[in-house]
Every structure is written in C-alpha cells, then in structure tokens.
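Student: have a look; sequence and predicted model below, questions after that.
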Amino acid sequence: MIIGYARVSTSEQETQLQLDALRAAGVRTIYAEKTSGVGPRPELHRAMAALRPGSTLVVYKVDRLARSLKDLLNLLERLRSGGAALKSLTEPVDTSSAMGELVLQILGAVAQFERSIIRERCEAGRVAARARGVRFGRERMFSRTEDRLAFELYTKGNLGFREVGELLGVSYTAARDAVRRELLTRR
C-alpha cells in the first residue's frame, strides 16, 4: 500500500503542486493539510495510522514531513517499527534500503544545520540593529516628563493606577508602568 502526505505551512500556500506530483507517482491515498510543522498535524497522524507492514509513505519533500532532525528520526523509527518505508519524490530518499536511510539522515542533518544558520543570522542582524540604535517593540506611551507626572499623581495625589490612567488618557497598565519606571529612576 502506498500512502501520500502533503503539507504547506500557511493557509495562503497551496498543496496543489505536491498533490499533482504524488498523483503522477501513482499515489491514490493522500492525506493533505495546511498547518505549521510546529503545531498539531492531524492528517500526518491519520496517514501514519493507515500504514501497514510493507507500506510506503510518499512525500514530495522530506521537509514537508518533519520539523526537525529529531522529529524526522522519531517518524523514521515509527515507520521502521511498523514495517513501513519512506520515499521522497524530489530527493534520493527511499528508506527501503540502507543507503536510502543514510541519505535521509544526512539530508535531515543538513536541513537542521541550515535552520540553525538562519537563526544565527537573524540574531546577528538584531544585535547589529541594536548597535545602530534601532529599538524593537512598541513605542513607550509616556516621555520621562509624563512618567514623572504619573508618579506625582499616584504618590502625592493618592490616586490609584486606574484614576491616573483616566486623567492622562491611557490604560491602567500604561499608568502603572510609568509609575514603576519613575520609581526605578529615583532609586
């Protein structure tokens, strides 16, 4: 029995390319979903449950199947223990042979390495941006002067954060944070 699995990460993407390739390869039973590799993947679980000894799970690309090398190896072990194999249509992966299993593990390790490099580059970009003075996150609601005013209203006016916020036209949380910031600068 041959079972196909197709996945795209966002609802804006389409599985049509993968579905067409799977059908062209002779796959008749296909489980497809639009979900991130990080969240639950109910169709993958259904596909895995449908596999029997001697079955093959066919995917367009290995990265559509697993979110990490660890996840890939866990899925491979589940396939192996159930007597099933994995085949990729676009990569030289067919775990029905020892060489195919080796190639799959190498591809998985390379993909994991690539994700790590991308993560490092993103962090280096954030560090460089901070060094240039770029600030991340929301803009502060208050200037230093407004922080002082909120603090004075809270401490000398005997008002609560809600009342301070109403007077200044901001939320309870913004008033509370302004008072805390001012309190920290006075220590």
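Tutor: All right, it came through fine.

Student: what's the single longest helix in this protein?
Tutor: Ranked by residue count under DSSP state H, the longest helix found in the chain is helix 98-131.

Student: give me the pLDDT for the most centrally placed residue in the chain.
Tutor: Nearest to the mean C-alpha position of the chain, by CA atoms, centre = their mean, lies residue 38 at 5.0 Å. At residue 38 the predicted local distance difference test score is 73.

Student: check the one 4 residues further on too.
Tutor: As summarised for this prediction, residue 42 has a pLDDT of 91.

Student: could you measure from the closest residue to it other than its chain neighbours over to residue 143?
Tutor: In space, and not counting its chain neighbours, residue 42 is closest to residue 33: 7.0 Å by CB to CB, 6 or more residues apart in numbering. (Glycine included, C-beta is placed from N, CA and C.) The gap separating residue 33 from residue 143 is 49 Å, by CB to CB, to the nearest Å.

Student: name the residues of the very next helix or strand once past the longest helix of the chain that are buried.
Tutor: Under the assignment DSSP states H and E, the closest C-terminal helix or strand after helix 98-131 is helix 144-155. Buried residues in helix 144-155, counted by 16 or more other CB atoms under 10 Å: 146, 147, 148, 149, 150, 151, 153, 154.

Student: elements contacting the next helix or strand after helix 144-155?
Tutor: Next helix or strand after helix 144-155 toward the C-terminus (DSSP H and E): helix 161-168. With contacts defined as 3 or more CB pairs under 8 Å, 6 or more residues apart in numbering; DSSP states H and E, the secondary structure elements packing on helix 161-168 are helix 144-155, helix 172-186.

Student: the first one vs helix 161-168, what angle?
Tutor: Right, the one you point to is helix 144-155. 130 degrees (axes from the mean of the first three to the mean of the last three CA atoms, to 10 degrees).

Student: and helix 144-155, what other elements does it pack with?
Tutor: Packed on helix 144-155, when contacts are counted by 3+ CB pairs under 8 Å, 6+ apart, are helix 161-168, helix 172-186.

Student: ok, back up a step: including distance to residue 9 and mean pLDDT, could the helices and strands packed on helix 161-168 go into JSON lines?
Tutor: What follows is these, written out as JSON lines (distance: least, CB to CB, whole Å; pLDDT from 0 to 100):
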{"stretch": "helix 144-155", "distance to residue 9": "42", "mean pLDDT": "86"}
{"stretch": "helix 172-186", "distance to residue 9": "34", "mean pLDDT": "86"}
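
Student: identify whichever of those helices lies nearest to residue 44.
Tutor: Counting by CB to CB, residue 44 lies closest to helix 172-186 out of those; the figure is 40.6 Å.

Student: in the closest one, what's buried?
Tutor: Within helix 172-186, the residues scored as buried using 16+ other CB under 10 Å are 174, 175, 176, 177, 178, 179, 181, 182.

Student: got these as CSV, with distance to residue 89 columns?
Tutor: CSV is the format used below for those (distance: CB to CB, whole Å):
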residue, distance to residue 89
174, 54
175, 59
176, 57
177, 54
178, 58
179, 61
181, 57
182, 62
